[in-house]
Every structure is written in structure tokens, then in C-alpha cells.
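Novice: quick one, structure for this:
(4 chains)
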Protein chains: 2
Amino acid sequence: MQEINKKSPLPLYYQLKESILNAVKTKEFEVGDRLPSERELAEYHNISRMTVKKAVDILVDNGYLIRKQGSGTFVSDYQQSYSISPLLSFTKEMEKKGLNYTTRILSFNKTKEKKIAAKMNLDPETALFRLERLRLIENKPFLLENTYLAVDYFRDLKKDELENNSLFKIIENKYNIQLSNAEAEVEAVILDAGIADKMQVQEGMLGLYFEQFSKNENAEIIEYTSAYYRNDNYKFKFTFNLD
Amino acid sequence: MQEINKKSPLPLYYQLKESILNAVKTKEFEVGDRLPSERELAEYHNISRMTVKKAVDILVDNGYLIRKQGSGTFVSDYQQSYSISPLLSFTKEMEKKGLNYTTRILSFNKTKEKKIAAKMNLDPETALFRLERLRLIENKPFLLENTYLAVDYFRDLKKDELENNSLFKIIENKYNIQLSNAEAEVEAVILDAGIADKMQVQEGMLGLYFEQFSKNENAEIIEYTSAYYRNDNYKFKFTFNLD
DNA sequence: TATTATAATCGGTATAGACCACATGTTGTA
DNA sequence: TACAACATGTGGTCTATACCGATTATAATA
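Specialist: Coordinates of the predicted model:
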């Protein structure tokens, strides 16, 4: 278990949280194991029990640990519900199904949009790349997506590399950013004229509106995508684990 | 603002949390308002600041309040559209978010429906339990779901145990079936008269239609649910891992 | 008047200690 | 042996206090 540095500017509870998390991930503490008691951890690291509690609180809240009063704190076997986002796996999913798919880049430019920056927990003045893509299956538009990336993370991003590579491969390989998880929200919408035109459907048709936030291991939002799906022909499908 | 009863068996932080939440809901504290400082709240209720902090922590975590160091704690405007993950257990999700929820069992009976059985990869003549539930958040209908279970797997399933327990808990604990994963599909729909009536919204409103197949470790479909979600107030949200 | 220091106030972190409720292992007794 | 009583260890709650860093209001200065 990693030591705690009292002279570090990082809060003690934060260091301890990371230390425990690390021990869980490296299997030093395995699923089902009982952690040292709060009092033991406090004594070991020479910090107060309340500080230990704060670190454990966070990990319990995030599902990594389970507390049992009178008994101890244990490593959880809870895994975040796993699912395949149609956005992420678009390429893979299409190949698996043997469908003809294409992606058209409608636009790629730098912008500054305060609302988007706020959603991404960035400074309102942050420069962003905006990538608008239309995805087609069997030559029929299926998905229209707007992706935003902070310029600071993605210097030298060029349109032509986006033409030929999956965005997620670029993020992970060229920029060496390890994406950890993503949150997504779906709602039903009526497609307005602008969207309907791009997707070659009639205005007023039903569609799905989708927002996705992809995060790195420090829970910083790396990528934000908003997208419209056609509601016919193909369904928005995903799977997730339950154990 | 509601007083705190030191003789109550309820924890002080819990009482204070409820008190603040109540004050927010009754507009005693309106969106954007600054709350009394932690020190003021502590003095007013004659409790320690750490206890106030714990109450505020929870409300900040649930999105009701926003803290600004050096400035104060404010009522958030985010609570209007809260995100709900339907994929995990509804019960668990609601408790985590600290929302008031109820489930009404509209009907529970045995049926034989060939189309449903076919979807579940069962013999068309298989007897099925059909469970119709209406789920409410803060007393507003949010989700109307129809769940089907094969009678063979769930002998002795009674309505009253469904009233008091999460279905997933019953499946796992009473019937000892380990659910492994699920597939889900979402599409946008217009709520027809029958559905809209049950959900207390106007006919013709937008909603989400959701189908879910839960499988055990042998990839047999144990549970099939079709559901309608209201498209306002709460968003359909989910998380997935990327690594 | 405009700017710059200073003070006051806010939440953020941390401590040491206290008592409670719950779970479990141990011990003494029937 | 079986059971009840007890001791112990665990997390749950709570206090009073302290100092830090960020923000804002106020006062001093140019």
C-alpha cells in the first residue's frame, strides 16, 4: 500500500483514496477482502480516523468498497454497468454485422463555446475543436454527431487523419489518453428542419438526441458528443453486465 | 426552516439534510439563493459545523446545492432534470440519489402470449407472469413498465413480495438466479392515449420506449421488460466503461 | 477617483476524542 | 453439548477546535 506524503499539497484523504484504489486495482486487496479497519489505517498512516473515513466514503460512494457496520469494509465486486455505445463502437459494430457504413466529415474547426465548455467542466474561454460527422448505413444517414475536444489536449489534430482513423483510436494512440468511462443521456426529440435536412428525412420526424461525456482516469471530460439518431430502420441498442 | 430534534433517533445530519431539502422544495430557498453559511447553520441548530458539512455534502453530491469556496453555498438549478439510470436496479438508483420514489403494482397475473414468449426464446405455449408497474419520483409518474417472467422459473411468486422487494433482489436471492447481462433497445415514441393516461401526461407527448432482455449465465432470457419513459423532468442516463 | 492593501467571511481539510449500534467471537453456565 | 451472557472490534455519528486557501468587502493609499 502506497505511503502518504504529509508535505504534499494534495489532501491526505485524496492521497489515501488513491492509495486504496491502487491497492484494489493491483489486487493487493482482492474482491471480497476485508480492508484494515479505519482505526488501523489511521494509525498506520498516522492520520486521523475522520480523514480515513473521508477517503473510504468516496470509494464506497463510487462502488469500489462496501461498508458493513460491526464487521468491516470490503472490496466490492460491483462493476460499472457495461454497455457498448453505438457511438464508440460504430465502426466495430458495423463490421460485425457486415453492414456497409461510411462516415462523412461535414466540418472540422476551432471554436469557443461557453456552454459546451461549461458542460465539459472547462474554462469558458477554452478553445475547442468541433467535429461534425454524418454516419451512414447502406448509404442512408443514420446518425449526425457533433464532437467537441479541448484544443489543449489535441494540438496538431488534422482533418485528414480524422478521415481515415477512428477518433477513439487517435485519442488513445496518438495522444496517449486512456479513456476510462463515459456517461450518456438519451431523450426523444422531434427533428427540426436543419437536422432533418442533413439526415435526409422529413422535418418533424421522431428521433433520439444523445449526449455523451467521455472521461479519462482522472474523471476529466476529454470528449463531448451530442448526436441525433434516426428512429427508423436501426435501433439504438446496447448491452450491459449485471453482476 | 424545519427545526432539528436532538432526541430523535434520526441522525442530526440526516434531519438537517431533509430540512434544507424541504426548504429548497418549498422555495424558502430559491434557485440561486445563498444558504446561510455552515457556521451560521451550525450555530442556529446548535450542532457542530462538521455535522452541517455532512448534510450539505450529501445535497451537493445529489446536485441540489453548489459550493463555492470563499463565497458560499447556493441552490442549484440542475435538479429540474435529473438523470436516471434505468439499467441498474431502479430502487438502488433512487436511494443513491436520495429521491422519493414509489412503485405501484398496477397488475400481476399469469398469461400466455406467443409474441412475448418468442422474444424470450421460449416455447410459444409457455406460461408467463406479467407484472405491470408504475414508478413515480416525487409522486410524479416517470416510468411505466411491463415485465414478463417465465412461470417455470418463478413458481410461488406472489404479489405481496413484489410490493416490498426489488424484483432483482427476488430473482437473485429467492430464486437464486444469477443475472449476467442484459440487452436493451431504446426508441422515441409518441405516447398514445392509454399510456399517457396511466402516466398522467397529455396524449401525444414524446416519450422513450425501452425494451430489455436480462440473461442468466447460460444466456437464457430470464426477464423481459418493455417500458415507457416520460421525456421531461428526468433523463435516461447510463454509464459504460471504455477500457 | 481609482487602485492597492487589509480584514472578514466563506468553504476545505484535518485532528483527537467520545459515545452509539451492530456483528462476531469467547466464555461461562445449564 | 448447547445456549446465553459478555467482551471486543467494527463502522456510524458527533463535537470542538484549528488552520488553510479562495473570495469578497472594506479601508488605506496614490
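Novice: going by C-alpha atoms from here, please, whenever you check contacts or count neighbours.
Specialist: Will do.
Novice: what sits against A:Tyr13?
Specialist: For A:Tyr13, the contact set (Cα atoms under 8 Å, 6 or more residues apart in numbering or on different chains) comprises A:Thr51, A:Val52, A:Lys54, A:Ala55.
Novice: any chance of these in a markdown table, plus secondary structure and neighbour count?
Specialist: A markdown table is the format used below for these (DSSP: H, G, I helix; E, B strand; the rest coil; neighbours: other Cα atoms under 10 Å in any protein chain shown):
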| residue | secondary structure | neighbour count |
| --- | --- | --- |
| A:Thr51 | helix | 19 |
| A:Val52 | helix | 23 |
| A:Lys54 | helix | 16 |
| A:Ala55 | helix | 21 |
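Novice: overlap between those and the residues near DNA strand C?
Specialist: Taking Cα under 7 Å from any atom of the strand, the overlap between those and the neighbourhood of DNA strand C is A:Thr51.
Novice: of all the contacts of A:Tyr13, which comes closest to chain B?
Specialist: The nearest member of those to chain B, counting by Cα to the nearest Cα, is A:Lys54 at 10.5 Å.
Novice: ok, then the element right after the worst-scoring helix or strand of chain A on mean pLDDT?
Specialist: Ranking every helix and strand in chain A by mean pLDDT, DSSP states H and E puts helix A:90-97 at the bottom, with a mean of 65. Following helix A:90-97 in sequence order, the next helix or strand is strand A:101-111 (DSSP states H and E).
Novice: pLDDT wise, what is A:Asn241 at?
Specialist: With respect to pLDDT, A:Asn241 scores 66.
Novice: could you do A:Phe29 as well?
Specialist: Looking at A:Phe29, its pLDDT reads 91.
Novice: go on, A:Glu185?
Specialist: 86.
Novice: and it, how many neighbours does it have?
Specialist: The number of residues packed near A:Glu185 is 18, by other Cα atoms under 10 Å in any protein chain shown.
Novice: hang on, isn't it packed against B:Asn231?
Specialist: No - contact criterion Cα atoms under 8 Å: A:Glu185 and B:Asn231 do not qualify, at 11.4 Å.
Novice: what's the closest non-adjacent residue to A:Val31?
Specialist: Excluding the flanking residues, the one nearest A:Val31 by Cα to Cα, 6 or more residues apart in numbering or on different chains is A:Val75, at 4.9 Å.
Novice: ok, that neighbour - contacts?
Specialist: Shown in contact with A:Val75 (Cα under 8 Å, 6+ apart): A:Val24, A:Phe29, A:Glu30, A:Val31, A:Gly32, A:Asp33, A:Arg34, A:Leu35, A:Tyr64, A:Leu65, A:Ile66.
Novice: the same query, at a cut-off of 10 Å, please.
Specialist: A:21, A:24, A:29-35, A:59-60, A:63-67 (Cα atoms under 10 Å, 6 or more residues apart in numbering or on different chains).
Novice: helices of chain A, start to end?
Specialist: For chain A, the helices defined by DSSP state H occupy A:12-25, A:38-45, A:49-61, A:90-97, A:114-119, A:159-164, A:167-169, A:193-198.
Novice: closest to B:Glu43 out of those?
Specialist: Closest to B:Glu43 of those, according to Cα to Cα: helix A:49-61, at 21.8 Å.
Novice: which elements pack onto that closest one?
Specialist: Applying 3 or more Cα pairs under 10 Å, 6 or more residues apart in numbering or on different chains; DSSP states H and E, we find helix A:49-61 packed against helix A:12-25, helix A:38-45, strand A:65-68, strand A:72-75.
Novice: repeat that for 7 Å
Specialist: helix A:12-25, helix A:38-45 (3 or more Cα pairs under 7 Å, 6 or more residues apart in numbering or on different chains; DSSP states H and E).
Novice: out of these, nearest to DNA strand D?
Specialist: Minimum separation from DNA strand D across those (Cα to the nearest atom of the strand) falls at helix A:38-45, 3.9 Å.
Novice: centre of the chain to the closest one, how far?
Specialist: 33 Å (Cα atoms, centre = their mean, to the nearest Å).
Novice: kindly report the same for stretch A:120-132.
Specialist: That offset, for stretch A:120-132, works out to 16 Å (Cα atoms, centre = their mean).
Novice: what's the closest non-adjacent residue to A:Ile171?
Specialist: A:Ile177 (5.8 Å).
Novice: same question, A:Ile105
Specialist: A:Ile105's closest residue in space is A:Arg133 (Cα to Cα, 6+ apart), at 4.5 Å.
Novice: any stretches of chain A with poor pLDDT?
Specialist: Scanning chain A for pLDDT under 70 picks out the ranges A:78-99, A:241-243.
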